[in-house]
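> fold the following and give me the result.
(2 chains, ligands or ions: 2)
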Amino acid sequence: MPELPRRKVGIVACSGEEIAEGTVTRLAALRVLHELRPDDTVTICLPLFLAGGEGDRAFARVYPTVTIDGCEKRCAAEGTATYSAPPAASIVVSELAAGCGLGPIEGRRQLNEAGRLAVEATAQRTVELVDELLKAPRARRFTGTLPSAGP
Amino acid sequence: MSGTCRETVIIPCSGIGKPFGSVSREAAYEVVDMLRPAHARLIALSRLVLGDDDARDAVARHPVVTIDGCKLACAAKMAKASGARRVRELAVIDTFRRHPKLKPEGIAELNDAGRQLARALAEEVAAIVDEQAGGEGRDA
Ligand code: SF4
Ligand code: SF4
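Ligands and ions are numbered 1, 2, ... in the order given. This is a model prediction of the structure:
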């Protein structure tokens, strides 16, 4: 029997270079991609949804996707939904960190202790969502978001 | 928006997973935090992807330097698509060709060579900021 291709989950971080929470999104995504779930996750640079080709825009249609945003503007979640497909789940670092009592997050170039803890918390939450998505039947995509993520 | 009329907007690409993307970001931080803090500001590329009004307004009104981590040139393309009229397009690979011994490695954290390459690139960006500021750019 032919082997089915391995299912993977897409991770899209906003990478927001202007604020420290953006740095958290990038480092948390890298931690999941390289250390925590290297065989189960893939990523794409967010701007490729616009600057890339049709193959790039298909990303969130091919992979159920978890977006990680630094703040409530939710550039990754909105950009992914607009140019590719609605993300299966989304995380907003500022909300997650507040919920964990972490802050203030500072140091976009070199995170402070609260920022480093936020990377870990964000990575762990992402892993929970990835595992949940991989367990869901193929036809039914998980569509949950964090309770704090809003409608 | 805030900022002076002689301010240059710096847009690094959001490269994730590639050392050259990390160099583009590190160079941008070096310019806005250390070399030309009074004459350069950073705009996150993802805000342009979202079509954020303030970000679009900033790139339309100010000279822009884009720094891309690969030939797909997302920062340059997005800046132009967002209404930027005065865009200087830089690519990490060009600076690397001028400094071939500075091979960047590491993504979450760049190696020494990567940081030196970012510094060299930042100097190039700072020179453009000075030009745009009509010779007033140098902060030190
Ligand atoms: S979601 Fe927030 S932190 Fe991320 S790019 Fe957008 S504005 Fe910046
Ligand atoms: S220019 Fe290349 S490295 Fe940078 S965001 Fe685009 S695809 Fe990623």
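
> any idea how far the residue lying farthest from the centre of chain B is from chain A?
Distance to the chain centre peaks in chain B at B:Lys101, reaching 21.8 Å (criterion: CA atoms, centre = their mean). From B:Lys101 over to chain A the distance is 24 Å, taken as CB to the nearest CB, to the nearest Å. Just so you know, the C-beta spots here come from the backbone N, C-alpha and C atoms, and that holds for glycine as well.

> does that residue really touch B:Ala113, like I thought?
Yes - using CB atoms under 8 Å, B:Lys101 makes contact with B:Ala113 at a distance of 7.2 Å.

> show me what contacts the closest residue to B:Asp52 other than its chain neighbours?
Nearest-residue entry for B:Asp52: A:Lys73, 6.9 Å, with adjacent residues in sequence omitted and distances by CB to CB, 6 or more residues apart in numbering or on different chains. A:Lys73 makes contacts with B:Arg47, B:Leu50, B:Asp52, as judged by CB atoms under 8 Å, 6 or more residues apart in numbering or on different chains.

> flag every residue of chain A that's near ligand 2.
By CB under 6 Å from any ligand atom, the residues of chain A that approach ligand 2 are A:Cys45, A:Pro47, A:Leu48.

> the last one and A:Asp56 touch, don't they?
Yes - the criterion here is CB under 8 Å, and A:Leu48 meets it with A:Asp56 at 4.2 Å.

> show me the contacts for the closest residue to B:His62 other than its chain neighbours.
Spatial nearest neighbour of B:His62, excluding adjacent residues (CB to CB, 6+ apart): B:Val9 at 4.8 Å. Contact analysis of B:Val9 by CB under 8 Å, 6+ apart lists B:Ala40, B:Arg41, B:Leu42, B:Ile43, B:Ala58, B:Val59, B:His62, B:Pro63, B:Val64, B:Val65, B:Ala84.

> three-state assignment of B:Val9?
Judged by DSSP: H, G, I helix; E, B strand; the rest coil, the three-state class of B:Val9 is strand.

> tell me which element the residue of chain B found nearest ligand 1 is part of?
Ranked by CB to the nearest ligand atom, the top residue of chain B for proximity to ligand 1 is B:Ser46, at 3.6 Å. Per DSSP states H and E, B:Ser46 falls inside helix B:45-50.

> go on, A:Ser94?
Per DSSP H and E, A:Ser94 falls inside helix A:93-99.

> which strands or helices does that helix pack on?
In terms of contacts (3 or more CB pairs under 8 Å, 6 or more residues apart in numbering or on different chains; DSSP states H and E), helix A:93-99 is packed against helix A:20-31, helix A:113-135.

> for the closest residue to B:Leu90 other than its chain neighbours, what are its contacts?
Excluding its sequence neighbours, the residue lying closest to B:Leu90 (CB to CB, 6+ apart) is B:Ile67, at 4.9 Å. Neighbouring residues of B:Ile67 by CB under 8 Å, 6+ apart: B:10-13, B:24, B:27-28, B:75, B:90-92, B:121, B:125.
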